[in-house]
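Enquirer: Here's a sequence, model it:
(2 chains)
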Amino acid sequence: MLRFLLIRLCRAALTVALVVTFAFVVLRMSGDPALIIMSVDAPPEAIAAFRKAWGLDDPIWLQYLRYFSAIGQGELGQSMRDGRPAMQLVLERIPATLALTLPALALKLGIGIPAGIYAALHRDSLMDRIVMVTAVAGFTVPSFVLGLVLVLVFSVQLGWLPSGGQESWRHAILPVLTLGIGGAAVLARFTRSAMLEVLGQSYIRTASAKGVPWSRVVRGHALPNAAVPTVTVVGFMVGSLIAGAVVVESVFSWPGVGRLLVVAVANRDLAVVQCILLLVAMTMVSANLIVDLLYGLLDPRLRSGAKAGAH
Amino acid sequence: MADVTVTAVPAIDAAKPKPKQRIPFLVWCGLVWIAFIIIVALFADWLTPYRFTAYDLRNRLALPFHPLHWLGTDELGRDVLSRLIISVRISLLVAFGATIISAVLGTLMGFLAAHFRGIVEQVVLMLADFQAAMPFLILALSVLAFFGNALPLFIGLMGLYGWERYARIARGLAISAGAQGYAGAVRQIGAAPARVYLKHILPNIASTLIVSMTLTFPEVILLESGLSFLGLGVQPPMTSLGNMVGYGREYLTRAPWIMLAPAFTIVLTTLAVSLVGDWLRDKLDPTLR
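Expert: A predicted model of the protein is given here:
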């Protein structure tokens, strides 16, 4: 188990290092940051001063090392537009995003998993058909279309709910629904296929053949085994709590991290973009680590570490 | 040799009698819609009633079923149908281009990993893990922030979406094919590795890769339309389906048809490709999930 954990920790650190390198390479390949930030007709002295201040005249490997150590110390630079620390700008936005993504996650889990299990247990029933059709629709309807259609129905036609902004909890209903419905559909489809695969295994047949009541077969044998692949998808959803609402926040003008990212990309505010990129990488990596720990709990075969690579 | 193959073929056929299955109705609908959309994209220039940038200032915000503008016009009097047709062309171009780039890149990486093993394989697998672990939308947004969004660059960026799936499939299948007789035989004759992989192994794993492409295609359409919706993908005056939805959103209360027409097109197209993809997967390759 310790070996298994260590391997996973190393891989997590490697992923974060890769993201940092990615940000550095992309930043340097895109051209001279000095010319991007300052306008082309800026005086040469101003450009030279900027290059000196940001250390752009040093050799590339030195810049890379400095970049790495700065990020290691939590220095992610300042927003090039308003001069405030990028980290602070991003952290301010996190509560707003979580106010959407956490209820949405609860909605996904609360609807998606039971619906998937039910559909698998009652295969080819009317309910199964309904779940599957909804699941396919939930996958093919992009979130911005779903969001806009909800606005069209509930805000424009019926006038029940506000269409954008963040003044009260009522403003959160439509974005949470938009996020939750799509995710629930994906999760239901996934849970159903995981369950169906487990139900087709021989140990299920053995258990019911030796006279174990069906409800116990499901609870004791089918559900724990189907949980293993489902946990992966849920882990991905947990990992995208911070940045999983980029499009939906834009649809509903919700001032969260996603909205900040879109504005920063449009303005080419590189420090903010890179800060969000790193934050997302950290969240994803932590979620993956938790998933790996859960694997160890759910699947004793993985604890030895022998099959650590085979998931 | 010839005798062996001649007798072997009927034997295999007899062992696996394939009942002739009818194509399900929904899959038929999907195929018809895909054919329709491709024809629209190919013949866009002949099909558009107006130039997609042409103004008709007398008929601004015309309702759908207007005698001159079947799907209405936007607030500058531009014909929604014409814009929709051009958008279909651009969105399909991006999605096709990206899917092909991603499949070629992924397959190549998979073959390289399978051929060299060792450190090359570890690097490819590490990159694949990295790609799978990060939400692609965030990576794409950061690249767009740094490089800006010219159309060829945008297609190239979308082409990075999903390469790791092809790489994993190609690597796994190429390794197992390398252990089979036919690849070994060709190698014994003295064929170069490139020939073994491209002329012998690739045709054998093509069906799996094609299924994978069909399943990834709708995701690429959704990704492109999402980015264009945010105003960070295809840029005006060019138009794409997501771009049209993003633009039509401003007129949601007064002219919802500007937004609804491209939205329905996106949904129907992704739905059609998904239905066909699921069917193809069940048909050709049940092992792929």
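
Enquirer: So which bits of the helix or strand harbouring B:H115 are buried?
Expert: Using DSSP states H and E, B:H115 maps to helix B:80-116. Within helix B:80-116, the residues that count as buried by 16 or more other Cβ atoms under 10 Å in any protein chain shown are B:80-99, B:101-103, B:105-115. C-betas here are computed from N, CA, C, even on glycine.

Enquirer: and the stretch 1-150 of chain B, which of its residues are near chain A?
Expert: Within reach of chain A by Cβ under 8 Å from any Cβ of the partner chain, the stretch 1-150 of chain B has these residues: B:126, B:129-130, B:133-135, B:137-139, B:141-147.

Enquirer: From the residues you listed, which land in helices?
Expert: Among the residues of the stretch 1-150 of chain B next to chain A, the members falling in helices (DSSP state H) are B:126, B:129-130, B:133, B:137-139, B:141-147.

Enquirer: Now do the same contact list for A:I173.
Expert: A:L161 (Cβ atoms under 8 Å, 6 or more residues apart in numbering or on different chains).

Enquirer: give the contact list for residue 68.
Expert: Answering for chain A, as no chain was given. For A:F68, the contacting residues are A:V20, A:F24, by Cβ under 8 Å, 6+ apart.

Enquirer: The intended chain is chain B.
Expert: Taking Cβ under 8 Å, 6+ apart, we find B:L68 in contact with B:D56, B:N59, B:A62.

Enquirer: so A:G159 sits in a strand?
Expert: No - read with DSSP: H, G, I helix; E, B strand; the rest coil, A:G159 is coil and lies in no strand.

Enquirer: What does it show for phi and psi?
Expert: Here is the backbone geometry of A:G159 (degrees, to the nearest 10): phi 70, psi 30.

Enquirer: on that earlier part again, mark which of the residues of the stretch 1-150 of chain B next to chain A are buried, thanks.
Expert: With burial judged by 16+ other Cβ under 10 Å, the buried subset of the residues of the stretch 1-150 of chain B next to chain A is B:129-130, B:133-135, B:137-139, B:141-147.

Enquirer: Pick the one among these closest to B:L209.
Expert: Of all these, B:L209 sits closest to B:D129, with 20.4 Å by Cβ to Cβ.

Enquirer: quick one: the closest one and A:T15 touch, right?
Expert: Yes - with contacts counted by Cβ atoms under 8 Å, B:D129 reaches A:T15, the gap being 7.2 Å.

Enquirer: Would you convert the ones in helices among the residues of the stretch 1-150 of chain B next to chain A into a markdown table that also reports distance to A:A209 and pLDDT?
Expert: Output for these, formatted as a markdown table (distance: Cβ to Cβ, whole Å; pLDDT from 0 to 100):
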| residue | distance to A:A209 | pLDDT |
| --- | --- | --- |
| B:M126 | 45 | 83 |
| B:D129 | 40 | 81 |
| B:F130 | 45 | 81 |
| B:A133 | 41 | 76 |
| B:L137 | 48 | 86 |
| B:I138 | 49 | 85 |
| B:L139 | 49 | 85 |
| B:L141 | 54 | 85 |
| B:S142 | 55 | 82 |
| B:V143 | 55 | 83 |
| B:L144 | 57 | 82 |
| B:A145 | 59 | 77 |
| B:F146 | 61 | 75 |
| B:F147 | 61 | 77 |
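
Enquirer: so where's the stretch 201-311 of chain A shaky on pLDDT?
Expert: For the stretch 201-311 of chain A, applying pLDDT under 70 flags the ranges A:301-311.

Enquirer: Show me what from it comes close to chain B.
Expert: Residues of the stretch 201-311 of chain A found near chain B (Cβ under 8 Å from any Cβ) are A:239-240, A:243-244, A:246-247, A:250-251, A:261-262, A:264-266, A:268-270, A:273-274, A:276-277, A:280-281, A:284-285, A:288.

Enquirer: For the residue nearest in space to the middle of chain B, give its distance to B:V273.
Expert: The centroid of chain B falls nearest to B:F217 when counting by Cα atoms, centre = their mean (2.7 Å). When distance is defined by Cβ to Cβ, to the nearest Å, B:F217 is 5 Å away from B:V273.

Enquirer: Could you do B:R187 as well?
Expert: According to Cβ to Cβ, B:R187 and B:V273 sit 38 Å apart.

Enquirer: With neighbour numbers in mind, choose between the two.
Expert: B:V273 (25 against 15; other Cβ atoms under 10 Å in any protein chain shown).

Enquirer: list the contacts for the more buried one?
Expert: By Cβ under 8 Å, 6+ apart, the residues touching B:V273 are B:G30, B:I34, B:T214, B:F217, B:P218, B:I221.

Enquirer: cool, A:L100 as well?
Expert: So A:L100 contacts A:A172, A:P175, A:V176, A:L179, A:A245, A:V248, A:E249, A:W254, A:G256 (Cβ under 8 Å, 6+ apart).

Enquirer: Using the three-state scheme, assign the residue nearest to the centre of chain B.
Expert: Per three-state DSSP, B:F217 ends up helix.
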